[in-house]
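> Pasting the sequence and the predicted model now:
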There are 2 protein chains.
Amino acid sequence: MSETPAPQDVLPAPPRILGLDPGLQITGYGVLEIRKGSPRVCEAGVIRSAEGRSTTDVAPRVRALYDSIVEVIEQFRPSVVAVEQLYAHYEHPRTAILMAHARGVLFLAAAQRDLQVHSYNATRVKKTITGNGHASKEQVQRTIQRELGLAQLPEPPDVADALAVALCHYYLQKLAA
Amino acid sequence: MSETPAPQDVLPAPPRILGLDPGLQITGYGVLEIRKGSPRVCEAGVIRSAEGRSTTDVAPRVRALYDSIVEVIEQFRPSVVAVEQLYAHYEHPRTAILMAHARGVLFLAAAQRDLQVHSYNATRVKKTITGNGHASKEQVQRTIQRELGLAQLPEPPDVADALAVALCHYYLQKLAA
């Protein structure tokens, strides 16, 4: 027996973009939902994976981070992941290397669910959302607040950065469409 | 009803050390088994996770690497993992950053199975196994061949490096015991 599904069953879910700002201590994440062509925050926050762990404890940290991001993905079912690109010319190569460990497990969590991952460099993200590739952290936070209609500045900056890369992906995809 | 287990059931399995030389293209691995105080190669090889993938395809690469290392761990059940430490002063920071993505998922696979991960810097590994912290790749290969009674030089060097860090862990643990 087949039944005609009710209309709400056949409507595709609104697309969701998961933006990530990876770190072995704090990873910012933000899920944007696109409704009627307008991006809105569905969920945003930080994952803290360093608590009570020494700086050499990479293994338990990546495990805690992986478990948390899998939870976010399972709960919010994004259709795509956007993340900042890592460059070798970072001022703090040690930080970049630690960040890359975190990035590795975030990419894994996405790949295991067949989610495409798009990387954007920091300058492009800032340029796309604020118009200025060298915008300050505060400018990025203010732009995010305005564009996404948030009552307050997104805090900590890791959340703003995660939302920024998700919003950048949304704008660039829209331009390319 | 309880039965006295046959002696072979109560003998602990000989300890196994999984040594890893991580990379997003090639990861060397080697499992050492310690029998009667003597380390022998149980299994060694390389995982190639870049084949047919572009350099920007980090997500599918970390997934392929993770799946392969999980297979190795499930099959050989090491009790501990040894891996080379990553330093920020690498000559090729881009390579170090890519390597760190690979390292992240290797650490995750170990942590998910409650395996301790020990990191050793390259100089210490070389010094411990050859007596010279600046030994050449070939010297490391020859030492590994001799110490582990291999019929041939371990090839490619990624395999030798993986066995070297496992052997380094074995020697240092023995010294500390």
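Received, thanks.

> Using the three-state scheme, assign the nearest residue in space to A:L167 that is not next to it in sequence.
Distances taken as C-beta to C-beta, 6 or more residues apart in numbering or on different chains put A:I129 closest to A:L167, at 5.4 Å, once the chain neighbours are dropped. Heads up, the C-betas are built off the backbone N, CA and C, glycines and all. For A:I129, the assignment made with DSSP: H, G, I helix; E, B strand; the rest coil gives helix.

> Tell me how many other residues surround A:I129.
Using other C-beta atoms under 10 Å in any protein chain shown, A:I129 has 22 other residues around it.

> do the one 4 residues further on as well
The burial count assigned to A:G133 is 13, neighbours taken as other C-beta under 10 Å.

> likewise the one 5 residues further on?
Taking other C-beta under 10 Å as the criterion, the count of residues near A:E138 is 11.

> State the helix or strand in which it lies.
helix A:137-147 (DSSP states H and E).

> Surely the residue nearest to A:L167 is in contact with A:Q141?
No. With contact defined as C-beta atoms under 8 Å, A:I129 does not reach A:Q141; the gap is 10.8 Å.

> List of residues touching stretch A:60-80?
The contact list for stretch A:60-80, computed with C-beta atoms under 8 Å, 6 or more residues apart in numbering or on different chains, reads A:13, A:15-18, A:20, A:24-25, A:27, A:29, A:31, A:42-43, A:47, A:49-50, A:53, A:101-102, A:104-106, A:108-110, A:113, A:115-118, A:169, B:104-105, B:107-108, B:111-112.

> Which of the three states applies to the closest residue to chain B within chain A?
Of all residues in chain A, A:G104 sits closest to chain B, at 2.9 Å by C-beta to the nearest C-beta. What three-state DSSP gives for A:G104 is helix.

> And A:S38, its phi and psi?
phi -130, psi 130 (degrees, to the nearest 10).

> Model confidence for it, exactly?
pLDDT recorded at A:S38 is 91.

> returning to that earlier point: check contacts around the nearest residue to the residue of chain A closest to chain B once chain neighbours are set aside.
Excluding the flanking residues, the one nearest A:G104 by C-beta to C-beta, 6+ apart is B:G104, at 2.9 Å. By C-beta under 8 Å, 6+ apart, the residues touching B:G104 are A:58, A:62, A:100-105, A:108, B:62.

> ok, 10 Å please
Neighbouring residues of B:G104 by C-beta atoms under 10 Å, 6 or more residues apart in numbering or on different chains: A:22, A:24, A:58-59, A:61-62, A:65-66, A:98-108, B:22, B:62, B:65-66.

> Then A:D57?
A:24, A:49-50, A:63-64, B:107, B:111, B:117.

> Please enumerate the strands of chain A.
A:16-21, A:26-35, A:38-48, A:80-84, A:116-120 (DSSP state E).

> highest average neighbour count across those strands?
Highest mean neighbour count among these (mean count of other C-beta atoms under 10 Å in any protein chain shown): strand A:16-21, with a mean of 26.
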